[in-house]
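Enquirer: Below: sequence and its predicted model.
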Amino acid sequence: MTRRGMTLLEVLLAAVLLALLLGALVPWVRLAGASAMARGDRAAWEAGARSLLRQIGQWVDAGDFVESAKLGARVARLDDGTIRLRTRTNLGSCRGPVEITIRHDAEAGIVRAEFRQDGALREERVLLHGVRSWDAKIETANRLLSIGIEGDGALLARGFRW
């Protein structure tokens, strides 16, 4: 007599093997998904940081600076890494001389810009989130502004001449 089908023992053994295989695959699939999400977050942060550096470059490259007797330079770096630019260019709602202050808020992990006109704050913007560290250096003899930004496992740096 020929047997057709499987015995209960064979079915149970196949079910146990399938459960073990799925149990091993689920953590691997979760890990792969989390890794892909982290890469996407890092790429998004890098794109935002590049955009910020490009924007600062546009402000510096405008070449329409006002010499400031108080700051002693067209571009100034304060002791805490804050950058201050003074320009005659109209920016947003500000018309005429504008002072742009770019600073890193370490507690909030952001880089923000303040736009002042005649000493009064006209506008404030958050330029980038997720910033762990920020460094700005100025070499006045070479007229060079260097900025380094670190966040989300990435480090970006750029230099600007004025």
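Expert: Yep, that arrived. Numbering: from 1, shown residues only.
Enquirer: Which secondary structure element of this protein has the lowest mean pLDDT?
Expert: Every helix and strand in the chain was compared by mean pLDDT, DSSP states H and E; the lowest is strand 75-77, with a mean of 61.
Enquirer: what's the next secondary structure element after it?
Expert: strand 83-87 (DSSP states H and E).
Enquirer: which element follows that following strand toward the C-terminus?
Expert: Going down the chain from strand 83-87, the next helix or strand is strand 98-105, by DSSP H and E.
Enquirer: List the strands paired with that next one, with their directions.
Expert: strand 83-87 (antiparallel), strand 110-117 (antiparallel) (DSSP bridges).
Enquirer: tell me the centre residue of this structure?
Expert: residue 49 (3.8 Å; CA atoms, centre = their mean).
Enquirer: where does the chain have low pLDDT?
Expert: Residues of the chain meeting the criterion pLDDT under 70: 1, 36-38, 61-79, 88-96.
Enquirer: Tell me which stretches of it form helices.
Expert: Along the chain, the segments classed as helices by DSSP state H run 8-61.
Enquirer: max-length strand in it?
Expert: strand 120-129 (DSSP state E).
Enquirer: Convert the C-alpha atoms of stretch 35-52 to PDB, please.
Expert: What follows is stretch 35-52 as a C-alpha-only set of coordinates in PDB (Å, rounded to 0.1, in the frame of the first residue of the first chain):
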ATOM      1  CA  SER A  35      20.300  50.700   9.000                       C
ATOM      2  CA  ALA A  36      18.600  51.900   5.800                       C
ATOM      3  CA  MET A  37      16.600  54.500   7.800                       C
ATOM      4  CA  ALA A  38      19.800  55.700   9.500                       C
ATOM      5  CA  ARG A  39      21.500  56.100   6.200                       C
ATOM      6  CA  GLY A  40      18.500  58.100   4.900                       C
ATOM      7  CA  ASP A  41      18.500  60.400   8.000                       C
ATOM      8  CA  ARG A  42      22.300  61.000   7.600                       C
ATOM      9  CA  ALA A  43      21.800  61.800   3.900                       C
ATOM     10  CA  ALA A  44      19.000  64.200   4.700                       C
ATOM     11  CA  TRP A  45      21.200  65.900   7.400                       C
ATOM     12  CA  GLU A  46      24.100  66.200   5.000                       C
ATOM     13  CA  ALA A  47      21.900  67.800   2.400                       C
ATOM     14  CA  GLY A  48      20.700  70.300   5.000                       C
ATOM     15  CA  ALA A  49      24.300  71.100   6.100                       C
ATOM     16  CA  ARG A  50      25.500  71.500   2.500                       C
ATOM     17  CA  SER A  51      22.600  73.900   1.900                       C
ATOM     18  CA  LEU A  52      23.500  75.900   5.000                       C
END
